[in-house]
Every structure is written in C-alpha cells, then in structure tokens.
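**Q** following is a predicted model, sequence given first.
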Amino acid sequence: MIPQQPAEGILVQHNWADCHIYTVACQCGSSDCNHSIWVEAEDTGVIVTTFTEQKTNFWSMTRWHHIWRLLTQGYVKYEATIVMTEQQTLNYAETLKTAMLSVKEFKKQIGKTNGST
C-alpha cells in the first residue's frame, strides 16, 4: 500500500507556507467525528494541533455526576474517536510527514531571509 495523492479521507482546507490545515473524515459518515489538523511553523519548532468535538461518556453517569466530578476533581473525562481505513491511516501519516517537512523548510527559508540560522 502506498500513500495517495489526493488522499482518501484527508481534505486540504488551507495550505499556506507556514501553516497547513486538513480535515480528517471519519468513516462512520458523521461529521461530528471529523477532526481538523493544523501543522504550523513556530519559533519553538513545528506545532501539530488537532481539533475535535469532544463528548463526555454521558451514558455512564448523570449530568449531576459530571458536574460533581468537575467541581471536586477539576476535570471531566472526554473522548474522541475517529474510524479510518488502512489506506486513510497511511494517508494521514504521510500528510503529517509532508506538512511537517514543508513548514520546516519554510521556517528555514525565512531564517535565511532574515539573516539568522
């Protein structure tokens, strides 16, 4: 199996020189499960941020139990799931690799332009 271009299950939202944004689709067909990936060049290095719609395990406790946990422990447990095919998983990994190399190269070129290394 080889990575695809364009890639199954990976949607390019924006491709700026210093930031690449993708949407990864869940195979279940619901957009509630999709998540976004931002790969950015920052001063500290390459930053990968994922955005998902988090959901509580609402079936295990009542709303009041969740509120009580938040008040007494300071957090509520959340979960996010995305179902991917084998091909989509390979495309996901290759997309991250390609975006990371691209923003690193941009950051290097900016450093040369500004006179720093």
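**A** Arrived safely. What you are looking at is a predicted structure, and each value in this text was computed from that prediction instead of being measured.
**Q** where does the prediction get shaky in the protein?
**A** Counting by pLDDT under 70, the ranges of the chain that qualify are 6, 56-59, 115-117.
**Q** and the longest helix for it?
**A** helix 86-113 (DSSP state H).
**Q** who are the packing partners of that one?
**A** strand 10-15, strand 19-24, strand 35-42, strand 45-52 (3 or more CB pairs under 8 Å, 6 or more residues apart in numbering; DSSP states H and E). Placement of C-beta: from N, CA and C, glycine included.
**Q** highest average neighbour count across the ones you listed?
**A** strand 19-24 (a mean of 20; mean count of other CB atoms under 10 Å).
**Q** that one pairs with which strands?
**A** Taking DSSP bridges as the criterion, strand 19-24 forms sheet pairs with strand 10-15 (antiparallel), strand 35-42 (antiparallel).
**Q** endpoints of stretch 5-19, how far apart?
**A** 19 Å (CA to CA, to the nearest Å).
**Q** apologies, that question was intended for stretch 47-65.
**A** 35 Å.
**Q** circling back: buried residues, the longest helix of the chain. List them.
**A** For helix 86-113, a neighbour-count test (16 or more other CB atoms under 10 Å) marks 88, 90-92, 94-96, 99-100, 102-103, 106-107 as buried.
**Q** with distance to residue 67 added, can I get the strands paired with strand 19-24 in CSV?
**A** Shown next, in CSV, are the strands paired with strand 19-24 (distance: least, CB to CB, whole Å):
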stretch, distance to residue 67
strand 10-15, 35
strand 35-42, 26
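**Q** of the ones you listed, which is nearest residue 69?
**A** strand 35-42 (24.6 Å; CB to CB).
**Q** okay, that closest one in PDB with CA atoms only?
**A** Taking C-alpha atoms only, strand 35-42 is exported to PDB below (Å, rounded to 0.1, in the frame of the first residue of the first chain):
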ATOM      1  CA  HIS A  35     -11.200  16.400  13.300                       C
ATOM      2  CA  SER A  36      -9.000  19.200  12.000                       C
ATOM      3  CA  ILE A  37      -5.200  19.100  11.900                       C
ATOM      4  CA  TRP A  38      -3.100  22.200  11.900                       C
ATOM      5  CA  VAL A  39       0.600  21.900  11.100                       C
ATOM      6  CA  GLU A  40       2.400  25.100  11.800                       C
ATOM      7  CA  ALA A  41       6.000  26.500  11.800                       C
ATOM      8  CA  GLU A  42       6.600  28.400  15.000                       C
END
